[in-house]
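**Q** Pasting the sequence and the predicted coordinates here, then a few questions.
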Amino acid sequence: MPDGSLYRENTGEYTPLEQGAQKRVVYISAGPICTYAYALTASAANKIFRYVLAGDAVLDNLITADLRRWCQAGFLTCVTVNPELFHHHKKAGQISSEIAVHEGPDWEPLTAPAPVEYTANIRYSARCNAQSGGVLVSCRDEFQGHISV
């Protein structure tokens, strides 16, 4: 969990967490975006498999777009956790990913090289700690003069 009460949005902007610091909100989501990690119940996986196999699904070739459309249509019941449990890691001096440049929006924080290595909204990133030599470390996100841990 971030230790402060600011949440870093995908746009790079910070918004206050209405629930306050050190709390997560779990809710039914009508339009999830950017699937960092997801889980399916056996029932939902079977439902998607039968839907696709029958040729009834219009597939976008982007799982995040398909999941979002199926959530919005009520085909799936989707649950979101904020702040998220997983997030992509951004290395200092590099763009976040090829997806951010080729398929993602032209948001400056996503397509610009990061000034510091960080994992947004994750206090103790697995990636940072895997490289820390056994000492618990936090990657700091210092975009736009704000600092979140």
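**A** Nice, thanks for sending it over. Since this is a predicted model, take the numbers as computed values, not measurements. Residues are numbered from 1 along each chain as shown.
**Q** Domain boundaries for the protein, per the record?
**A** 6-24+83-145, 28-82 (automatic domain parsing).
**Q** ranges for the strands of this protein?
**A** 6-8, 14-16, 25-28, 79-82, 89-90, 118-119 (DSSP state E).
**Q** Which elements pack onto the fourth one?
**A** Packing contacts for strand 79-82, counted by 3 or more C-beta pairs under 8 Å, 6 or more residues apart in numbering; DSSP states H and E, involve strand 25-28. (C-beta placed from N, C-alpha, C; glycine too.)
**Q** Could you pull out the buried residues of the top helix by length along the chain?
**A** If you go by DSSP state H, the chain has its longest helix at helix 42-53. By 16 or more other C-beta atoms under 10 Å, the buried positions in helix 42-53 come out as residue 48.
**Q** any chance you could map the helices in the protein?
**A** 42-53, 63-72, 98-102, 108-111, 126-130.
**Q** Of the domains of the chain, flag the one that's most buried.
**A** domain 6-24+83-145 (a mean of 15; mean count of other C-beta atoms under 10 Å).
**Q** could you give me the average pLDDT of that one?
**A** Domain 6-24+83-145 shows a mean pLDDT of 72.
**Q** Look up how far residue 139 lies from the closest residue to residue 125 other than its chain neighbours.
**A** Of all residues not flanking residue 125 in the chain, residue 119 sits nearest, at 3.6 Å (C-beta to C-beta, 6 or more residues apart in numbering). Residue 119 sits 5 Å away from residue 139, going by C-beta to C-beta, to the nearest Å.
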